[in-house]
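Enquirer: Fold the stuff below for me.
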Amino acid sequence: MQKGNIVGIISDSHDDREMIHKAVATFNDAGCSLVIHAGDFVAPFTIREFEKLNSKFIGVFGNNDGEIKGLTAQFSKIGSLHKPPYEFGYNGKRFLVMHEPDYLDKNKDRDDLDVIIYGHLHEIDIRPGKPMIINPGESCSWLTGRPTVVLLDLLSMGTELIDLR
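Expert: This is a model prediction of the structure:
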């Protein structure tokens, strides 16, 4: 993976500061130029760990993110949070990010998207293709016991699943 073209992908951090700390260290060590969070931060205090990122940051709200104003205010220090689904371009690629997979079936065959990212299910789902579909699993490990994140190389469109334990 070539630094500067790597996107870190995380979801379902659910206030687990230890795993967020490990995820941020992983993203920084990999040289991520962007980190995308697919929702369920839960509380605004998690910004303390995310502030240590050496990259741009974009996230969407999840179903457990009740304190929208507080999260928006805190995360505006490092990037932006959006109501899902959120579509944007980065380094020549088109992304669609959501928390719940409600918009997945409707968008999985779109030619104008390169990557669809979702969370919510706490289950790893990496499907190559155009668009590539990625659920990085849960970074908190509350349900599966396996805290994971994904690194995406925008040049090769290859992925690396990282276990944070």
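
Enquirer: now the helices for the chain?
Expert: With DSSP state H, the ranges of helices along the chain come out as 17-30, 47-50, 68-75, 104-107.

Enquirer: Return the list of helices and strands in contact with the first one.
Expert: Contact analysis of helix 17-30 by 3 or more Cβ pairs under 8 Å, 6 or more residues apart in numbering; DSSP states H and E lists strand 6-10, helix 47-50, strand 148-153 as its packing neighbours. To be clear about C-beta, it is placed using only N, CA and C from the backbone, and glycine gets the same treatment.

Enquirer: Reformat the helices of the chain as CSV; add mean pLDDT and distance to Ile9.
Expert: Shown next, in CSV, are the helices of the chain (pLDDT from 0 to 100; distance: least, Cβ to Cβ, whole Å):
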stretch, mean pLDDT, distance to Ile9
helix 17-30, 98, 9
helix 47-50, 97, 14
helix 68-75, 97, 16
helix 104-107, 96, 15
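
Enquirer: Next, format those as CSV and append mean neighbour count.
Expert: Output for those, formatted as CSV (neighbours: other Cβ atoms under 10 Å):
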stretch, mean neighbour count
helix 17-30, 19
helix 47-50, 18
helix 68-75, 15
helix 104-107, 12
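
Enquirer: before we move on, back to that, just say which of the helices and strands packed on helix 17-30 is most tucked in.
Expert: Each of the helices and strands packed on helix 17-30 was scored by mean neighbour count; the highest is strand 6-10, a mean of 27, by mean count of other Cβ atoms under 10 Å.
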